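Participant: sequence and predicted model, in that order:
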Amino acid sequence: MSDRSKQERWRPPERDMSRAASLLTEQRNPRSVRLDALSALEIVELINSEDRTVADAVSRERGSIARAAELVANSLRDGGRLIYVGAGTSGRLGVLDAAECPPTFGTDPGMVVGIIAGGHGALVRAKEGAEDDREAGAMAVADAEVGPSDVVVGIATSGITPYVHGALERARGSRASTVFVCCTPVGDGGPEVDVTIAPLVGPEVVTGSTRMKAGTATKLVLNSITTTAMVLLGKTYGNLMVDLKATCDKLRDRACRIIMETTGLSYESAGSLIAEAGGSVKVAIVMHQADVSAEEAGRLLQRNGGFVRKALAERNAE
């Protein structure tokens, strides 16, 4: 490559990045300054040692995570949506969590949505420059027709991603509830939101590589938000996944085993009961435990907000 070509590939930042040098996620980790001099085992041990700090960082934010989950549960209960917005690793994690909700909790694909800067192509090939476009973030929220019944969760481990800030500003202007997830102290430059979740995991093993500890913390936070919200919506019975969509052999097998666990039926009988319940594990449990038809089980569940435990309690109280 010629010197001229190299010069054309490089260009200075188009926006003021003076704050970036002070970000926690951009600091150099003193424990990994000789990373390139370590053996493979020593590198893995160092990464593992740093990863152990992530759960504690997330735990310190548990109150904020619970408040965000309650916002999401209330929104989904009223017909609203959870919409994740992020760039790079943050955006991919939001799309991943959204994609996992339908098979796990039986949600409509439009109930939990992931928006990533650069579009779906950015899921498999980095489009890092897309994060710099604040207006594109705002337009993505506008295109999604975000409104007062929705919750928008902006994810930016650095805390300064323009795309995410633009999205949250537009969401707030649309009177949606807003949550900001980052891994650095927000300070005065943070977006105005209803809830901020900031697990401070510290500098990365590879300086600035937020796909590591910050990415792990983000995954834990998003898992906690959606799982807690779905439990609050009656998507589990105890710790059993009773609203799953049995769309593959693994999930069909799990559905049968859930019925076996809750009813004591054989594998074959559990499968027959699920078929009689129209494929609904919830309906099947209530049918058997309350000794009612599929139609009556459905009515019991509807009257009790989809909660199996409450439906059975109503039946037992009669």
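Facilitator: The structure has been received and is ready for your questions.

Participant: use CA for all of it now, contacts and neighbours both
Facilitator: Will do.

Participant: so the residue most central in space within the chain is in which element?
Facilitator: Taking C-alpha atoms, centre = their mean, the centroid of the chain lies closest to Leu222, which sits 3.1 Å from it. In this assignment (DSSP states H and E), Leu222 forms part of helix 213-232.

Participant: just give the nearest non-adjacent residue to the residue nearest to the centre of the chain, would you?
Facilitator: Asp97 (6.8 Å; C-alpha to C-alpha, 6 or more residues apart in numbering).

Participant: swap in Leu273?
Facilitator: Ala284 (5.9 Å).

Participant: that neighbour: neighbour count?
Facilitator: 28 (other C-alpha atoms under 10 Å).

Participant: repeat that for Asp249.
Facilitator: Residues near Asp249, counting by other C-alpha under 10 Å, number 9.

Participant: measure it to Ile285 for me?
Facilitator: The spacing between Asp249 and Ile285, counted by C-alpha to C-alpha, to the nearest Å, is 20 Å.

Participant: ditto for Arg28
Facilitator: As judged by C-alpha to C-alpha, Arg28 and Ile285 stand 54 Å apart.

Participant: re earlier: so the residue nearest to Leu222 touches Asn223, yeah?
Facilitator: Yes - the pair Asp97 / Asn223 is scored as a contact, 7.0 Å apart, by C-alpha atoms under 8 Å.

Participant: picking up where we left off before, which residues does the residue nearest to Leu222 contact?
Facilitator: Applying C-alpha atoms under 8 Å, 6 or more residues apart in numbering to Asp97 gives the contacts Gly114, Leu222, Asn223.

Participant: let's see 10 Å
Facilitator: Tyr84, Val112, Val113, Gly114, Lys219, Leu222, Asn223, Ile225, Thr226 (C-alpha atoms under 10 Å, 6 or more residues apart in numbering).

Participant: in this structure the second one contacts Val85, no?
Facilitator: No - under the criterion of C-alpha atoms under 10 Å, Val112 lies out of contact with Val85, with a separation of 11.3 Å.

Participant: more crowded one of those two?
Facilitator: Val85 (30 against 25).

Participant: what segments of the protein are helices?
Facilitator: Secondary structure of the chain, counting by DSSP state H: helices at 3-9, 40-51, 54-59, 62-77, 88-105, 134-143, 162-173, 213-232, 249-263, 267-276, 281-290, 294-303, 308-317.

Participant: could you list the buried residues of the longest one?
Facilitator: It stands for helix 213-232. 213-219, 221-232 (16 or more other C-alpha atoms under 10 Å).

Participant: ok, and the closest non-adjacent residue to Val58?
Facilitator: Closest to Val58 by C-alpha to C-alpha, 6+ apart is Pro199, at 5.0 Å.

Participant: and the one you found, what is it in contact with?
Facilitator: 54-62, 157, 181-185, 214, 217-218, 221 are the contacts of Pro199 under C-alpha under 10 Å, 6+ apart.

Participant: among these, the buried ones, what's the ChimeraX command?
Facilitator: Entered in ChimeraX, the line below selects the buried ones among the contacts of Pro199, by 16+ other C-alpha under 10 Å:
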select :54,55,57,58,61,62,157,181,182,183,184,185,214,217,218,221
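
Participant: where does the prediction get shaky in the stretch 201-318 of the chain?
Facilitator: Along the stretch 201-318 of the chain, the model assigns pLDDT under 70 to residues 318.

Participant: ok, now with 50
Facilitator: Along the stretch 201-318 of the chain, the model assigns pLDDT under 50 to no residue.

Participant: the stretch 1-150 of the chain now?
Facilitator: 1.

Participant: what's the neighbour count on Pro43?
Facilitator: Not Pro; residue 43 is Ile. Ile43 has 17 nearby residues by other C-alpha under 10 Å.

Participant: cool, thanks, signing off.
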